[in-house]
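**Student:** structure for the following, please:
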Amino acid sequence: MSVLTINKLTSSVGAEVVGLDPDQLAHDDGLATAVLDALEDNGVLVFHGLNLSPEAQVALCERLGEVDRSADGHHPVSGIYPITLDKSKNKAADYLKASFVWHIDGCTPMHDECPQKATVLSAQQVARRGGETEFANAYAAYETLSDSEKQRYGSLRVVHSLEASQRRVNPEPTAEQLARWRSRPTHENPLVWNHRNGRKSLVLGASADYIAGMDVDAGRALLEELLAHSTTPEKVYSHTWSVGDTVIWDNQGVLHRAMPYEPNSPREMLRTTVLGDEPIQ
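**Tutor:** Residues are numbered from 1 along each chain as shown. Sure, this is the predicted structure:
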């Protein structure tokens, strides 16, 4: 069985993996198993200066699970999606501005797809200022609640919507924008995710609009309070990107956000997503 050499980056979330080359990651099945185990233990894995090619990135992800190819056409390599505010490279760049707010991917699917299992980002170009990616441990967020809070929050359900996430960065949309946002269905998810492995995490972030059955303002205030609790410094790892870095994170138990950067920044990340098979329940 392959073994990874890992250096913890914080006590709560994040670890650096050292001593690997791209070919190993792309072609060693045993190594892929070790990556999944390390991901469950650490939430985020960082590979400094790996210089993973798009093809090798997709090959790695295929060993972690099923690759999301729904956005094919944005990049010559199937399974690669460019993350950039440059509209010549990504026509949906305006939607990416919501990534500046803490979120979990996949809480507002078009149908009943499960949230993504994991996400891989590799840095092609970096911002001169800003553009770091921050990660917060949603398992630790639950584990550090009091017993009474765990009991109370365990029965709450939260309505998630694309509109909620987009309004955070565009509070005065046009009628056309609003109609486009509302064309994506809302989803009601438990506030506490009971995972198959026995762990529990909080499901929060930009798409969390209001708590079902609670006064809207009071529910939103509670969601903001819980998000603040979930993202205190000891639960967060902030990654400052260098060209060639690759980061993998557990999307089911880790919140993430990009720190703002200039709209004309050259920052470009290549993303590959591993589809999930575990519903929020």
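**Student:** the bottom helix or strand of this protein by mean pLDDT?
**Tutor:** helix 22-27 (a mean of 82; mean pLDDT, DSSP states H and E).
**Student:** quick one: that helix to chain centroid distance?
**Tutor:** 23 Å (C-alpha atoms, centre = their mean, to the nearest Å).
**Student:** next, the buried residues of it.
**Tutor:** If you call a residue buried by 16 or more other C-beta atoms under 10 Å, then helix 22-27 has these buried ones: 22, 25-26. For the C-beta atoms, the positions are set from N, CA and C on the backbone; glycine is no exception.
**Student:** do stretch 261-277 as well
**Tutor:** 261, 265, 267-276.
**Student:** show me how far it is from its chain's centre.
**Tutor:** 10 Å.
**Student:** next: stretch 33-40.
**Tutor:** Distance of stretch 33-40 from the chain centroid (C-alpha atoms, centre = their mean) equals 17 Å.
**Student:** what mean pLDDT does it get?
**Tutor:** The average pLDDT for stretch 33-40 rounds to 93.
**Student:** got the contact list for that stretch?
**Tutor:** 1-4, 6, 15, 17, 25, 45, 60, 64, 118, 197, 248-250 (C-beta atoms under 8 Å, 6 or more residues apart in numbering).
**Student:** pull out the buried members of those residues.
**Tutor:** 4, 6, 15, 17, 25, 45, 60, 64, 118, 248-250.
**Student:** closest to Leu226 out of these?
**Tutor:** Asp250 (19.3 Å; C-beta to C-beta).
**Student:** hmm, the closest one is touching Leu45, no?
**Tutor:** No - contact criterion C-beta atoms under 8 Å: Asp250 and Leu45 do not qualify, at 9.1 Å.
**Student:** got any ranges where the protein has weak pLDDT?
**Tutor:** Flagging of the chain using pLDDT under 70 yields the residue ranges 1-2.
**Student:** please enumerate the helices of it.
**Tutor:** In the chain, the helices defined using DSSP state H lie at 22-27, 29-42, 54-64, 138-143, 147-153, 162-167, 175-182, 216-230.
**Student:** between the buried residues of helix 22-27, which is nearest Val236?
**Tutor:** Leu25 (25.8 Å).
**Student:** separation between the closest one and Lys8?
**Tutor:** Leu25 sits 20 Å away from Lys8, going by C-beta to C-beta, to the nearest Å.
**Student:** equivalent analysis for Arg182, please.
**Tutor:** Separation of Arg182 from Lys8 (C-beta to C-beta) stands at 43 Å.
**Student:** is the spatially closest residue to Val243 that is not a sequence neighbour bridged to anything, and to what?
**Tutor:** In space, Val243 comes closest to Ala123 once its chain neighbours are excluded; the distance is 5.4 Å by C-beta to C-beta, 6 or more residues apart in numbering. Applying DSSP bridges to Ala123 yields these beta-bridge partners: Met269.
**Student:** what sits against Ala123?
**Tutor:** 241-246, 268-269.
**Student:** how much space between it and Val158?
**Tutor:** Counting by C-beta to C-beta, the gap from Ala123 to Val158 is 33 Å.
**Student:** pretty sure Asp23 contacts Glu55?
**Tutor:** No - counting by C-beta under 8 Å, Asp23 stays clear of Glu55, with 11.2 Å between them.
**Student:** quick one on the thing from earlier: pipe the buried residues of helix 22-27 into a markdown table and attach distance to Val35 per row.
**Tutor:** Converted to a markdown table, the buried residues of helix 22-27 look like this (distance: C-beta to C-beta, whole Å):
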| residue | distance to Val35 |
| --- | --- |
| Pro22 | 13 |
| Leu25 | 8 |
| Ala26 | 11 |
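**Student:** list just the nearest of those residues to Ala127.
**Tutor:** Nearest member of the buried residues of helix 22-27 to Ala127, counting by C-beta to C-beta, is Pro22, at 23.9 Å.
**Student:** isn't the closest one up against Val58?
**Tutor:** No - using C-beta under 8 Å, Pro22 is not in contact with Val58; the gap is 11.9 Å.
**Student:** wait, doesn't Thr144 sit right on Glu234?
**Tutor:** No - Thr144 lies out of contact with Glu234 (C-beta under 8 Å); the separation is 9.2 Å.
**Student:** those two: who's more crowded?
**Tutor:** Shown here are Thr144 and Glu234; by other C-beta atoms under 10 Å, Thr144 has more neighbours (15 against 11).
**Student:** that concludes my questions; thank you for your assistance.
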